[in-house]
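K.L.:
below are the sequence and a predicted model for it; my questions follow.
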Amino acid sequence: MSVLPRVVIIYKRDSRIMYLLVYVDDLILTGNHSPTIKSFVTTLDKEFAIKDLGRLNYFLGLEVTYTQNGLFLNQSKYTMDILTRANMLDAKPAPTPLSSNVSFVSAGTVAFGLHYSRPITTSLLSYSDADWDRCLETRRSTYGYSIFLGGNLISWSAKKQLTVARSSCESEYRAMANTAAEIVWITHLLQELHALPSDRPTLLCDNQSAIFLT
């Protein structure tokens, strides 16, 4: 999604911490100390007309389902709303994952989502990859990355590179550079949230030339 909530640390003392995520008039309040949260909600209610909807279940198009050991996030309702507005509810879905020799084909993944569980260790692990000269029209490469925090996927991207790469090494190196830039942004965010892992992030790539170049 292109819209992102503003993350603000409201309270931190000793081991107690509380976060407030704000987007226009939608709020998420969470933390590890219930009395502090209740006190904040009571104070906020005196200043503004707010409605406590209880446990998080829907926010900015994301549906939240509580599982036995974590959370499951998906965008089924958001997707169905888009299909309804586009008059495509009767369109036939395609199976996934796609074959390796098929590219840029729409697939049916309405009910797909991400499962988040409480991690044993909070380390940052990222994967970077790119093809070379695959687009038949522009000859540009497509790259992608995925970044995990404690085994949970927190950031990902897949898009065409802006320029034509002269070699597979160049396209893979650019992919690693973009992944590294995202890792830097995430580490700054985690530092602000007082949740930065103690060990250094790990970036994995399967292209030896690009690894040597770094």
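P.N.:
That came through, no problem. Numbers count the residues shown, from 1 in each chain.
K.L.:
low-scoring stretches of this structure, by residue?
P.N.:
1-10, 94-106, 108 (pLDDT under 70).
K.L.:
would you mind splitting the chain into its domains for me?
P.N.:
For the chain, the domain assignment from automatic domain parsing gives the residue ranges 1-54, 55-94+109-118, 121-214.
K.L.:
now the first one: how far from the chain's centre is it?
P.N.:
Which is domain 1-54. 21 Å (CA atoms, centre = their mean, to the nearest Å).
K.L.:
what separates residue 212 from residue 144, distance-wise?
P.N.:
21 Å (CB to CB, to the nearest Å). Every C-beta, even on glycine, is put in place using the N, C-alpha and C of the backbone.
K.L.:
out of the domains of the chain, indicate the one that is most buried.
P.N.:
domain 121-214 (a mean of 16; mean count of other CB atoms under 10 Å).
K.L.:
I figured residue 190 hits residue 197, correct?
P.N.:
Yes - the pair residue 190 / residue 197 is scored as a contact, 7.3 Å apart, by CB atoms under 8 Å.
K.L.:
overlap in contacts, these two.
P.N.:
The overlap between the contact sets of residue 190 and residue 197 (CB atoms under 8 Å, 6 or more residues apart in numbering) consists of residue 149.
K.L.:
give the contact list for the closest residue to residue 135 other than its chain neighbours.
P.N.:
Setting aside the residues directly before and after it, residue 135 is nearest to residue 160 in space (CB to CB, 6 or more residues apart in numbering), at 6.4 Å. Under the criterion of CB under 8 Å, 6+ apart, the contact partners of residue 160 comprise 135, 138, 140-142.
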